[in-house]
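Q: what follows is a predicted protein model with its sequence.
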Amino acid sequence: MTHPPTVRTAPEEARAQPSVPVTAPGPGRRAPWSAATDRMRAAATTEPGRLRVIGAVLALLVVAFGSVTVLEVQDRAGSANDVVEHSQPLSSHAADIFQSLAAADAAVTEGFLAGRQEPAGTRKDYDEAIGNTYKWLQAAASDTSASRESKKQITKLYEGLPRYVQLVERARDNNRQGFPLGGAYLRYANDQMTGKLLPAAELLYGAETERLGRDRDEARSWPFLSTGLGLVALGALYWAQRRDCRRTNRVFNRGLLVATAASTVVLLWLVAGHTVARSELRDADVHGQQSLDVLNTARISSLKARADENLALVARGSVLTPQGKDKYETDFTTGMAELDEQLRKAEKLAEDTEGRTPVGKALAATEEWNRIHEAARESENAGDYAGARQKIDQSKTSSYKQVGDTLETARKYEEGQFREAAKNGRGALSLLPFGAALLALLGAGAAIAGVNRRVSEYR
């Protein structure tokens, strides 16, 4: 009896076929990557192979040196540009805000000394000071790079200034009608100014001055990484040329010589450029910003002292310190002492006659102002209120005005000195990134060409 043949389906046949195990390469076989490594290692044992490796390493070092130089210099140049275009103008705006507020307070107290009818000139001075305050506030607020602390103080000033203006207008309305309440509103306005607005302006000025210092320090920081890479690249190029000279008795390899020259130029440019930039930015700080800081503070002290002097005459001893002394007279005396100290410091910081001369005039005017004030106090103590007011008015157009005018002259001069030095520092770094990139590519190409010329001799 015969049986029909068994028919296997394709899957069964496939399952019936023996599987071929996949195993790692045996002792006689090498993985592709391992074989490539072996070929590179074998090539490196020959002189042409070693030369190719040397050429690649030299080109990599020169390119790395150039790339890091570009990155570090761009970072320093960006900080130097911030000093010129952002942080210094913002610091200046903050100082202007501070001064405008103090000027407004001094002007409004001047008006009260004249009696019920405020002089048109005094009113104009007050309106200009308030208008300038809003103008500088807007300029500071429009700079998107302002810090969080600066924006916080700007907001406080925007919120507090309308309240001050409102109190001043109420004081004026009452004063015109002869109501004693006008003096009270004037003191409330002064409290708003000295207790809220001026402290906020001072914090704003401090924040922007601190930011200016940070930007200046970042711009002056030495590029250690690029300098170190430059020295390594030059050392490697020197070693490669010395090796070539020993093996071939040839003094120069033109390609390597060009690469060395390009790297040397970049390194020298880097060192010289940063040295000049650091020096100029230091001058901008020592002979510019430090003097500006003292001059700004001195101007604010003179404005606050003027407001206190006027208020002392308006209040007539009705506002006392905890020690029982006239508050405004005490504040005036303190303010004038601070003004004298600040002016003497500014005179020492001034580096030349053009900077010292206006400060010296301000010192002389301050002494005269103090003498006039003492005479006014004597008249007031003797019951001659009209005579005291006349003497205070006299100082407004003589010594007090001279203090303000000479300080403004000194401030403009020092600000010009600062900006000139800061721009010079920025300019010392402006072309270096482009030059470093170009010379690095030239040096890398020359290094490869110089090595390839030696390789070609083995063919």
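A: Nice, thanks for sending it over.
Q: so which residues of the stretch 1-150 of the chain form strands?
A: In the stretch 1-150 of the chain, no segments count as strands under DSSP state E, counting those that start in this stretch.
Q: any stretches of it with poor pLDDT?
A: 1-45, 115, 144-145 (pLDDT under 70).
Q: which residues in it form helices?
A: Along the stretch 1-150 of the chain, counting by DSSP state H, counting those that start in this stretch, helices occupy 10-16, 32-44, 47-82, 88-113, 120-142, 148-176.
Q: what confidence value was assigned to residue 289?
A: Note on residue 289: pLDDT of 88.
Q: now do the contacts for it.
A: 88, 91, 209, 212, 216, 418 (C-beta atoms under 8 Å, 6 or more residues apart in numbering). Where you see a C-beta, it was placed from the backbone N, CA and C, and this is true even at glycine.
Q: pretty sure the second one sits against residue 214.
A: No - with the criterion set as C-beta atoms under 8 Å, residue 91 and residue 214 do not qualify as a contacting pair; they are 11.6 Å apart.
Q: between the two, point out the one with more neighbours.
A: Counted by other C-beta atoms under 10 Å, residue 91 and residue 214 do not tie: residue 91 has more neighbours, with 27 against 14.
Q: separation between the closest residue to the more buried one other than its chain neighbours and residue 159?
A: Of all residues not flanking residue 91 in the chain, residue 208 sits nearest, at 4.2 Å (C-beta to C-beta, 6 or more residues apart in numbering). Residue 208 is 19 Å from residue 159, where distance means C-beta to C-beta, to the nearest Å.
Q: the more surrounded of those two?
A: residue 208 (27 against 12).
Q: who touches that one in this structure?
A: 87, 90-91, 93-94, 140, 146-147, 150.
Q: centre of the chain to stretch 416-426, how far?
A: 12 Å (C-alpha atoms, centre = their mean, to the nearest Å).
Q: ok, now stretch 67-75?
A: Distance, centroid of stretch 67-75 to centroid of chain: 19 Å (C-alpha atoms, centre = their mean).
Q: next one: stretch 362-373
A: Distance, stretch centre to chain centre, for stretch 362-373: 36 Å (C-alpha atoms, centre = their mean).
Q: pull out the buried residues from that stretch.
A: Buried residues in stretch 362-373, counted by 16 or more other C-beta atoms under 10 Å: 362-363, 365-366, 368-370, 372-373.
Q: show me these that map onto helices.
A: 362-363, 365-366, 368-370, 372-373 (DSSP state H).
Q: mind putting those into JSON lines with pLDDT?
A: Listed next are these as JSON lines, based on pLDDT from 0 to 100:
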{"residue": "362", "pLDDT": "94"}
{"residue": "363", "pLDDT": "94"}
{"residue": "365", "pLDDT": "94"}
{"residue": "366", "pLDDT": "94"}
{"residue": "368", "pLDDT": "94"}
{"residue": "369", "pLDDT": "93"}
{"residue": "370", "pLDDT": "93"}
{"residue": "372", "pLDDT": "91"}
{"residue": "373", "pLDDT": "91"}
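Q: export these to CSV and tack on distance to residue 265?
A: What follows is these, written out as CSV (distance: C-beta to C-beta, whole Å):
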residue, distance to residue 265
362, 50
363, 51
365, 55
366, 55
368, 60
369, 59
370, 61
372, 65
373, 65
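Q: hmm, back to that, out of the buried residues of stretch 362-373, flag the one nearest to residue 180.
A: residue 373 (25.1 Å; C-beta to C-beta).
Q: ok, now which ones touch the closest one?
A: 309, 332, 336, 391-392, 395.
Q: sorry, back to before: closest one to residue 382 out of the contacts of residue 208, please.
A: Distance to residue 382 across these (C-beta to C-beta) is lowest for residue 94, with 43.5 Å.
Q: the closest one is in contact with residue 201, isn't it?
A: Yes - in this structure, residue 94 is within contact of residue 201 by C-beta under 8 Å, at 7.0 Å.
Q: not counting its neighbours along the chain, what's nearest residue 292?
A: residue 414 (5.0 Å).
Q: what about that neighbour, how many neighbours?
A: 28.
Q: gap between the strand or helix carrying it and the chain center?
A: Taking DSSP states H and E as the criterion, residue 414 maps to helix 399-430. Offset of helix 399-430 from its chain centre (C-alpha atoms, centre = their mean): 16 Å.
Q: do the same with stretch 194-210
A: Mean-position distance between stretch 194-210 and its chain equals 17 Å (C-alpha atoms, centre = their mean).
Q: which residues sit in contact with residue 266?
A: Shown in contact with residue 266 (C-beta under 8 Å, 6+ apart): 65-66, 69, 230, 435-436, 439-440, 443.
Q: pick the one among those closest to residue 255.
A: Nearest member of the contacts of residue 266 to residue 255, counting by C-beta to C-beta, is residue 443, at 9.7 Å.
Q: hmm, residue 255 and that closest one touching each other?
A: No - in this structure, residue 443 is not within contact of residue 255 by C-beta under 8 Å, at 9.7 Å.
Q: of those two, which one has the most company?
A: Shown here are residue 443 and residue 255; by other C-beta under 10 Å, residue 443 has more neighbours (30 against 22).
Q: now the more buried one. Nearest residue, chain neighbours left out?
A: Nearest non-adjacent residue to residue 443 (C-beta to C-beta, 6+ apart): residue 262, at 3.5 Å.
Q: again with residue 339
A: residue 301 (4.3 Å).
Q: next one: residue 63
A: Counting by C-beta to C-beta, 6+ apart, the residue nearest residue 63 is residue 444, at 4.9 Å.
Q: do the same with residue 68
A: With C-beta to C-beta, 6+ apart, the residue lying closest to residue 68 is residue 226, at 4.5 Å.
Q: checking that neighbour next. Helix, strand or coil?
A: helix (DSSP: H, G, I helix; E, B strand; the rest coil).
Q: look at it and say how many residues are nearby.
A: For residue 226, using other C-beta under 10 Å, the count is 25.
Q: same deal with residue 397?
A: 9.
Q: give me the local confidence score for it.
A: On the pLDDT scale, residue 397 gets 79.
Q: what does the one 10 residues further on give?
A: At residue 407, the predicted lDDT confidence score is 93.
Q: show me what contacts it?
A: Counted by C-beta under 8 Å, 6+ apart, residue 407 has contacts 295, 298-299, 302, 358-359, 362.
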